[in-house]
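Q: Just the structure for this:
(one chain, ligands or ions: 1)
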Amino acid sequence: MSGSSGLIGSEICVLFHARGYQVHGLDNNQRAIFFGPMGDTRWNQRRLQKELAHFEHHELDIRDRPGVLQLVKTLAPDVIVHAASQPSHDRAASIPFDDFDTNAVGTLNLLQAAREGCPQSPFIHLSTNKVYGDRPNTIAMRELPTRWDYADPAFEHGIPETFSIDQSLHSLFGASKAASDVMVQEYGRYFQMPTCCLRGGCLTGPNHAGVELHGFLSYLIRCNLEKRPYTIFGYKGKQVRDNIHSADVAEFIYQFAKNPRCGEVYNLGGGKDHSCSILEAFDLVASITGCKQEHVYLDQPRVGDHICYYSDLRKMKSHYPQWTPTHSLTDTIREIVDQWRARLTEPCRR
Ligand SMILES: NC(=O)c1ccc[n+]([C@@H]2O[C@H](COP(=O)([O-])OP(=O)(O)OC[C@H]3O[C@@H](n4cnc5c(N)ncnc54)[C@H](O)[C@@H]3O)[C@@H](O)[C@H]2O)c1
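A: Alright, predicted model coming up:
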């Protein structure tokens, strides 16, 4: 498991451990380098080490090619889940080499290690919806009182996997993730390895170290509890994201690992039922914490930011009919609130 101390990685460690796996986590707390102390994930690493009897942490950078090749050769894991990354599209512009070396080259290191050490083992890669660049913004939109939505009925179920990733503005992060996404598909098709790319929308949950540049719901809830203003970047605060709880992500990954396919791609999100705009998120969070959200509005969207994005889940559900998101958006927010309250010292309480 790469990125084991992060939101998704830690959830997968817990789920696979609960189902009888010996789990090896690979992480070097790079999130604290990318985002500073608020991005630190050591607390989550320590939680796994304390709570999971059959968990082993490996302090390794996925850019360390000999180290990665050696570790995978030694362990020959039954499943590889790859969630380590530089995850922020805004941050990537100021650290282009770190971003590409981590997201693209780090993924290649792991893929080649898998090919040499365990080519039959499912390899599941956490990709992103940013591989579609800003192309979703070219879909006709309609403005509703609190959100944008697709006006084109072709997208009533959301964005499908057939949507083009070509000729749009991606951000350097979207480009480095697109490179890794294509490479993961290629190892699946060219070498018939059981690989898949999960193009995530907003993956969220209580174990996120949310920061302004990554982890919008987690960060927004932290701002609410600390009574700090949340900055909205453009689109009137009506930009829409679909949110999925990390436990539902982990469950899908488990289902894929049990019945893998080669070179697959899925859009992984909560779908329209679990979508919200920033304005709607303010109200949902306030209804749980009792604290009205202060905010600042900047009339300048983030470069390449989606106006409206929710995933079409029909392909996932047709390949894995037993899977569906099980956490409602309200329940997910409640869990994040509870976790932040436990982690922060002086939160606002009802
Ligand atoms: N959270 C989201 O909203 C979201 C959305 C779409 C896609 N994704 C993708 O899902 C994956 C997991 O996201 P997350 O939210 O859990 O991120 P996260 O930042 O919480 O976790 C990533 C972990 O990887 C580690 N890491 C980073 N670079 C590393 C390196 N070079 N070597 C070893 N470890 C390294 C970090 O320290 C961190 O603990 C990423 O690939 C991300 O791009 C996430």
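
Q: how close does residue 196 get to residue 316?
A: 10 Å (C-beta to C-beta, to the nearest Å). (Glycine included, C-beta is placed from N, CA and C.)

Q: report the longest helix in the chain, please.
A: Taking DSSP state H as the criterion, the chain has its longest helix at helix 171-191.

Q: tell me, what's touching residue 196 and residue 316 both at once?
A: Taking C-beta atoms under 8 Å, 6 or more residues apart in numbering as the contact rule, residue 196 and residue 316 both touch residue 266.

Q: ok so, going back, buried residues of the longest helix of the chain, list them for me.
A: 171-181, 183-185, 187-188 (16 or more other C-beta atoms under 10 Å).

Q: again with stretch 256-276
A: Applying a neighbour-count criterion of 16+ other C-beta under 10 Å, the buried positions in stretch 256-276 are 256-257, 260, 262-272, 274-276.

Q: go on, stretch 43-56?
A: For stretch 43-56, the neighbour count (16+ other C-beta under 10 Å) marks 44, 45, 47, 48, 52, 55 as buried.

Q: Check whether the fourth one really touches residue 16, as I assumed.
A: No: shown here, residue 48 and residue 16 do not form a contact pair, counting by C-beta atoms under 8 Å, at 11.5 Å.

Q: Spit out the contact partners of the closest residue to residue 32 other than its chain neighbours.
A: In space, and not counting its chain neighbours, residue 32 is closest to residue 40: 4.2 Å by C-beta to C-beta, 6 or more residues apart in numbering. Residue 40 sits next to 29, 31, 32, 209 when contact means C-beta under 8 Å, 6+ apart.

Q: check those against the ligand, which are close?
A: Contacts with the ligand within the contacts of residue 40, counted by C-beta under 6 Å from any ligand atom: 29, 31.

Q: Of the contacts of residue 40, which belong to helices?
A: Under the assignment DSSP H, the contacts of residue 40 contribute 31, 32 to helices.

Q: ok, and the most crowded of the contacts of residue 40?
A: Most neighbours among the contacts of residue 40, by other C-beta atoms under 10 Å: residue 31, with 27 neighbours.

Q: so who does the nearest residue to that residue once chain neighbours are set aside touch?
A: Sequence neighbours aside, residue 39 is the residue nearest to residue 31 in space, at 4.2 Å (criterion: C-beta to C-beta, 6+ apart). Residue 39 sits next to 31, 32, 209, 211, 214 when contact means C-beta under 8 Å, 6+ apart.

Q: just to revisit the earlier point, so which of the buried residues of stretch 43-56 belong to helices?
A: Per DSSP H, those map to helices at 44, 45, 47, 48.

Q: hang on, isn't the first one packed against residue 10?
A: Yes: with contact defined as C-beta under 8 Å, residue 44 reaches residue 10; the gap is 5.0 Å.

Q: what sits in contact with each of the two?
A: residue 207.

Q: tell me the contacts of the residue of the chain found nearest the ligand?
A: Distances between the chain and the ligand by C-beta to the nearest ligand atom are smallest at residue 6, namely 1.8 Å. Residue 6 makes contacts with 27, 31, 41, 44, 83, 84, 209, as judged by C-beta under 8 Å, 6+ apart.
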